[in-house]
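[1] sequence plus the predicted model coming up.
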Amino acid sequence: MLRAIIGSSLKLRFLVVPVAAGMILLGVTQLRHMPVDVLPEFTPPLVDIQTEALGLSAQEVEQLVTVPLEQDLLNGVAFLDQIRSESLPGLSRIELIFQPGTDVLAARQLVQERLIQAPGGIPNVSKAPIMLQPLSSTSRVMMVGLSSRDVSLIDMSVLARWKIRPRLMGVPGVANVAIWGQRERQLQVQIDPEKLSKLGVSLNQVMESTGNALWVSPLSFVEASTPGTAGFIDTPNQRLGIQHILPITTAKDLSQVRIEDTGAKAVRLGDVGRVVEDHQPLIGDAVVNDSPSLMLVIEKFPGANTLEVSRGVEAALDELRPGLSGVSVDTNLFRPAGLLESATRNLALALLGGLLLAAVLLGAFLLDWRVALISLVTIPLSLVAATFVLYLRGATFNTMVLAGLLVALAVVVDDAVVDIDNIGRRLRRQRQAQDREAGPPADEAPTAATILRASLEVRGPLLYATLIIAVSVAPLVFLGGLTGSFARPLVASYLLAVLASTVVALVVTPALAMLLLRRGPLERRQSPLVRWLDRGHAAALTRLVARPRLALGAVAVLAWPAWPCCPSSADAPCCRRCRTATC
């Protein structure tokens, strides 16, 4: 099989080389659009349910909301692994963690079917449970601060809720925009108990009168004019819709509302307390630049590109700036995309520097620009091919993928150098034999046969070594939990890089050798650096073989810094190397 693959590569070399060049070009072009993140998705499939119950304490939320939902309603959902709950003042949160491999959309559907029955089992003071959007493992993609000296926090909250948040929710990849420090505009009747008692009015009367004053219901108006209709009036020619314009828009208007069931006395809301425009009591707040402000916490969907989401949010905020006069928008409070952009630039510079260093080292060791060029082409081709396969699979480029590629780099370099070095040595011997026999210059057929034999000599054993590496690493894919979430992308990128390196060595390296080395000079010129290393290695090896105890002692000295400081217990005195009293 190996003979057929290498032989086909030699025959189709004028097709293999352009395809390899196209792969490099396509990979470099498309990888710019690959999703980039710091860490892989490491959270199991989960569904987050939150229920708001303003005015209830944490104990009341636990008894009246969390326990009925958790034990009576959500317990027993198919494929459910764990249930976690948390009760806070005014808020109940329940996390449903499903078994690994469960489809999140199917899990959400199962939970939603249960939540339909929820309103009958929770108190009226609570709102209906809501199921949050699925979020990425790292969740927060950006924090935006809103501050102003001219605009009040209540007015900024109105802008953030009705203008900014809907626009940001429309950015592709944004799953949720939480507003920290939000102050909802409210008309509040702040009761004075002494006035309430003096006027003989109960608290329930005040609450009912206030609610009825702000209740918008067209039914009573419609019934008064056209019985049997609701929300519109029929005339002989057309149907007219009814729109109510609420006359109460300010605190002063609300203070003039008369309290119901007070008999002949005309008691208004303003008589029993202060009627003001204020906000709800805050459980927490947001502080930006040492002053109370608003903070927008933007969260993204699983697998969304952090860079694209961040840039989309910034573009949307730039579009909104003309309508946010007097409001300062700070997008640099928390922006992981900046770290990714800096890391990407540093990685590009490091790869460029590594490529140049590899070119210098290959030239210094091989002293043949053709052989060095072939090695220099196959190394990035293997890495680009592996990363391109990950891109086609929809994977995210993160630190674990990068770590897998770096670990595989040793195998990639070995495949690139060993094959072409053996091919060059075999061709050199063939030329020397032909020169001794005074035969004609090497034609295409003997050269192809020599390259084929040289590739088979090294590729057969290396293929077995590659299979052994793959089999030894494959069990890491089956790790579960958090460890498995981090290990799987590392192993996948490593195995793909090793596989791509093997394919390149079987297909591309022989084709390039046939094109560049068939007519080129192959004089044997040993590098001065190699001669110096050979002499040093021979001298050191001779001494170590004669004195094996010296070699063992050197290994022990080198391994000494890795010894544990206090192997027995954390309270034992540290060794002299640590130079501290305790571990």
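    All right, it came through fine. Numbers count the residues shown, from 1 in each chain.

[2] from here on, just use CA atoms for contacts and neighbour counts.
    Fine.

[3] for Gln256, give me its contacts.
    Taking Cα atoms under 8 Å, 6 or more residues apart in numbering, we find Gln256 in contact with Arg268, Leu269, Gly270.

[4] got a pLDDT number for it?
    The score at Gln256 is 91. That number is its pLDDT.

[5] tell me which of the contacts of Gln256 is nearest to Ala304?
    Within the contacts of Gln256, distances to Ala304 taken as Cα to Cα reach their minimum at Leu269, with 51.9 Å.

[6] show me the contacts for the closest one.
    Leu269 makes contact with Val189, Val206, Thr210, Leu254, Ser255, Gln256, Val257, Arg258, Ile259, Val275 under the criterion Cα under 8 Å, 6+ apart.

[7] drop anything exposed from the residues you listed.
    Of all those considered here, the ones buried according to neighbour count by 16 or more other Cα atoms under 10 Å are Val189, Val206, Thr210, Leu254, Ser255, Val257, Arg258, Ile259, Val275.

[8] next, format these as JSON lines and append secondary structure.
    Putting the buried ones among the contacts of Leu269 into JSON lines (DSSP: H, G, I helix; E, B strand; the rest coil) gives the following:
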{"residue": "Val189", "secondary structure": "strand"}
{"residue": "Val206", "secondary structure": "helix"}
{"residue": "Thr210", "secondary structure": "helix"}
{"residue": "Leu254", "secondary structure": "helix"}
{"residue": "Ser255", "secondary structure": "helix"}
{"residue": "Val257", "secondary structure": "coil"}
{"residue": "Arg258", "secondary structure": "strand"}
{"residue": "Ile259", "secondary structure": "coil"}
{"residue": "Val275", "secondary structure": "strand"}
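
[9] what sits closest to Phe42 if chain neighbours are left out?
    Using Cα to Cα, 6 or more residues apart in numbering and skipping the chain neighbours, the partner closest in space to Phe42 is Ser485 (4.9 Å).

[10] the one you found against Pro40, yeah?
    Yes: when contacts are counted by Cα atoms under 8 Å, Ser485 is listed as touching Pro40 (7.2 Å).

[11] those two: who's more crowded?
    Applying other Cα atoms under 10 Å to Ser485 and Pro40 shows that Pro40 carries more neighbours, namely 25 against 20.

[12] ok, that one - contacts?
    Neighbour list for Pro40: Ser137, Thr396, Asn398, Thr399, Met400, Ser485, Phe486, Pro489 [criterion: Cα under 8 Å, 6+ apart].

[13] where does it sit: helix, strand or coil?
    Local secondary structure at Pro40 is given as coil here, using three-state DSSP.

[14] and what of the one 10 residues further on?
    Under the three-state scheme (three-state DSSP), the conformation of Gln50 reads as strand.

[15] leaving out sequence neighbours, find the closest residue to it.
    The shortest distance from Gln50 to any non-neighbouring residue, by Cα to Cα, 6+ apart, is to Arg93 (4.5 Å).

[16] bridging residues for that neighbour?
    Taking DSSP bridges, one obtains Gln50, Glu86 as the residues bridged to Arg93.

[17] need the three-state assignment for Leu187.
    Three-state call for Leu187 (three-state DSSP): strand.

[18] now do it against Gly211, distance only.
    Distance of Leu187 to Gly211, given as Cα to Cα, to the nearest Å: 11 Å.

[19] looking at the two, which is more packed in?
    The residue with the greater number of neighbours, taking Leu187 and Gly211 and applying other Cα under 10 Å, is Leu187; the counts read 21 against 11.

[20] ramachandran angles for Pro302?
    According to degrees, to the nearest 10, the main-chain angles of Pro302 amount to phi -60, psi 130.

[21] likewise for Pro129?
    The phi and psi torsions at Pro129 (degrees, to the nearest 10) take the values phi -60, psi 140.

[22] that one and Ile116 touch, don't they?
    No: the pair Pro129 and Ile116 does not pass the contact test of Cα under 8 Å, sitting 9.3 Å apart.

[23] the helix or strand containing Met514: how far from the chain's middle?
    When secondary structure is defined using DSSP states H and E, the element that contains Met514 is helix 481-517. Shown here is helix 481-517, whose average C-alpha point lies 24 Å from the average C-alpha point of the whole chain (Cα atoms, centre = their mean, to the nearest Å).

[24] in it, which residues are buried?
    Along helix 481-517, these residues count as buried under the neighbour rule (16+ other Cα under 10 Å): 484-514, 517.

[25] which one of Pro129 and Ile116 is surrounded by more residues?
    Neighbours around Pro129 and Ile116, counted as other Cα under 10 Å, are more numerous at Pro129. The numbers are 22 against 12.

[26] next up, the contacts around the more buried one.
    The neighbourhood of Pro129, defined by Cα under 8 Å, 6+ apart, consists of Ile49, Gln50, Thr51, Glu52, Leu115, Ala118.

[27] one more pass at 6 Å, please.
    When the contact criterion is Cα atoms under 6 Å, 6 or more residues apart in numbering, the partners of Pro129 are Gln50, Thr51.

[28] for Ser148, see how far away it is.
    With the distance defined as Cα to Cα, Pro129 ends up 34 Å from Ser148.

[29] and the helix holding Met514, what other elements does it pack with?
    In terms of contacts (3 or more Cα pairs under 6 Å, 6 or more residues apart in numbering; DSSP states H and E), helix 481-517 is packed against helix 2-11, helix 369-392, helix 399-436.

[30] apply 7 Å and report the result again.
    In this structure, helix 481-517 makes packing contacts with helix 2-11, helix 13-30, helix 369-392, helix 399-436, helix 444-473, judged by 3 or more Cα pairs under 7 Å, 6 or more residues apart in numbering; DSSP states H and E.

[31] Trp560: which of the ones you listed is closest?
    If you check each of the helices and strands packed on helix 481-517 against Trp560 by Cα to Cα, helix 399-436 wins as the nearest, at 25.1 Å.
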